[in-house]
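*Asks:* Provided below are the primary sequence and the corresponding predicted coordinates.
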Amino acid sequence: MPANLTPQYHKAEEAYRRATSPDEELSALQVMLREVPKHKGTDKLQAELKQKISRAKEDVQSGGKASGKRTGYRLPSQGAGRVLLVGPPNTGKSQLLKALTRAEPAVGDYPFTTVEPLPGMMLFEDVQIQLVDTPPITSDVFDPVTQGLMRGADLVLAIADLASDDGPFEFQDFMAKLESTKTRLGRESKLDENDLGVSYTQSLVIFNKSDDPNAGERGELYEEFCPMDLESHHVSATTASGLEELKQEIFRRLDVIRVYTKSPKSKEPDFDKPFTVKRGATLLDVAELIHHDLAKNLKNARVWGSQVHDGTMVKGDYVVSDRDIVEIQQ
Ligand SMILES: Nc1nc2c(ncn2[C@@H]2O[C@H](COP(=O)(O)OP(=O)(O)OP(=O)(O)O)[C@@H](O)[C@H]2O)c(=O)[nH]1
Ligand SMILES: [Mg+2]
């Protein structure tokens, strides 16, 4: 990927990776082409973008039939980020959703219990995070809805089964299936440098059913038959072992920080529900979350937090820190 691409380019690239309709793809690609620096070093990228734009235009005209890939399926986003549970059948994806949220998915000791995505909210400290359970992926099936959700997720948890001897082989099939598509697991979320159509979403492997008496040996089988370049965690959805650590890791991976607001009229901040923004976001981004007009009319704010003296006066470009309290003045 050429250096010195603008922040707008990277933002559009992210939108392209997450696009669920031809319209969204086309508008993201058009921004990418507009933003790419025009010189010899980017000739290849420009050509690829132009080609993708003409294909996306065909797709828009045919209502998505030209590629048949995008579904336009939408699941409303909620909370500080979306975490998708995927994997081979019967590994305990639904049981994990049940253990981590208040959702009540069907859990069954047979494959293909889950037939459609089901969201639930997980509370970590005072932050709500959306988890989404999905139907299983095998060498035969990887439905386009799950594919779209994977591309759009902030984090994917690939669930592996430590209680079945078939586990490592089914996981192998699952990984091979992903490799045969353009939607893959990665150490970080990005588009492939050599093929912009291939999307990686940051992922963790979760070895579930660690309560099984033979879990240790099966773990070794995974290492032998299915080596993976991804970080992993061992948990049990039924005994809850490892789940607290998993929650912490999920929060860490979302890379969000929380900000509490305080009205100039009241003495106490509102600690009930923090606003969450990506690390590196500014006060202006926080104001935008609260209300568009607040961002438009933003002049100053006072901040209480770990990186500033109490009540420091700041402007919209102030980079917020975790657990900052801000009092916005218009
Ligand atoms: N011993 C043990 N069994 C578990 C654990 N988690 C799930 N199970 C069992 O594994 C079986 C499958 O669980 P599900 O949650 O339905 O699995 P799934 O991955 O959602 O399955 P599909 O929807 O078919 O893909 C059920 O019988 C669960 O009770 C665990 O941590 N330990
Ligand atoms: Mg299920």
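*Replies:* Arrived safely. The structure displayed is predicted, hence computed values, not measured ones. Numbers count the residues shown, from 1 in each chain. Ligands and ions are numbered 1, 2, ... in the order given.
*Asks:* for the rest of this, base every contact and every neighbour count on C-alpha atoms.
*Replies:* OK.
*Asks:* what residues does this structure put near ligand 1?
*Replies:* 89-95, 107-114, 135-136, 208-209, 211-212, 236-238 (C-alpha under 6 Å from any ligand atom).
*Asks:* can you show me the strands along the stretch 201-330 of the chain?
*Replies:* Using DSSP state E, counting those that start in this stretch, the strands found in the stretch 201-330 of the chain span residues 232-234, 256-261, 270-278, 300-305, 308-314, 324-329.
*Asks:* partners of the shortest one, with directions?
*Replies:* According to DSSP bridges, the neighbouring strands of strand 232-234, each with its direction, are strand 199-208 (parallel).
*Asks:* only C-alpha atoms, please: export the strand it pairs with in PDB.
*Replies:* Below are the C-alpha coordinates for strand 199-208, written out as PDB (Å, rounded to 0.1, in the frame of the first residue of the first chain):
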ATOM      1  CA  SER A 199     -11.000  -8.000   3.900                       C
ATOM      2  CA  TYR A 200      -9.400  -9.100   7.200                       C
ATOM      3  CA  THR A 201     -11.200  -8.500  10.500                       C
ATOM      4  CA  GLN A 202      -9.300  -8.600  13.700                       C
ATOM      5  CA  SER A 203     -10.000 -11.900  15.400                       C
ATOM      6  CA  LEU A 204      -9.300 -14.100  18.400                       C
ATOM      7  CA  VAL A 205      -9.600 -17.800  18.600                       C
ATOM      8  CA  ILE A 206     -11.700 -18.900  21.600                       C
ATOM      9  CA  PHE A 207     -11.200 -22.500  22.700                       C
ATOM     10  CA  ASN A 208     -14.500 -23.300  24.300                       C
END
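*Asks:* what lies in contact with it?
*Replies:* With C-alpha atoms under 8 Å, 6 or more residues apart in numbering as the test, strand 199-208 has contacts from 17, 91-92, 150-151, 153-162, 182-192, 230-237.
*Asks:* can you list the residues of the chain near ligand 2?
*Replies:* For the chain, the contact set with ligand 2 under C-alpha under 5 Å from the ion comprises 94, 114.
*Asks:* ok, the residue nearest to the spatial centre of the chain - contacts?
*Replies:* What sits nearest the mean C-alpha location of the chain, by C-alpha atoms, centre = their mean, is Asp154, with 1.0 Å. Residues near Asp154 by C-alpha under 8 Å, 6+ apart: 81-83, 189, 201-202, 254.
*Asks:* let's see 7 Å
*Replies:* 81-83, 254 (C-alpha atoms under 7 Å, 6 or more residues apart in numbering).
*Asks:* taking those residues one by one, which sit in helices?
*Replies:* Leu254 (DSSP state H).
*Asks:* put together CSV for the contacts of Asp154, with pLDDT and distance to Asp43 on each row.
*Replies:* Output for the contacts of Asp154, formatted as CSV (pLDDT from 0 to 100; distance: C-alpha to C-alpha, whole Å):
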residue, pLDDT, distance to Asp43
Gly81, 96, 35
Arg82, 97, 35
Val83, 98, 36
Leu254, 97, 34
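*Asks:* just put the contacts of Asp154 in JSON lines and tack on neighbour count.
*Replies:* Shown next, in JSON lines, are the contacts of Asp154 (neighbours: other C-alpha atoms under 10 Å):
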{"residue": "Gly81", "neighbour count": "23"}
{"residue": "Arg82", "neighbour count": "24"}
{"residue": "Val83", "neighbour count": "25"}
{"residue": "Leu254", "neighbour count": "19"}
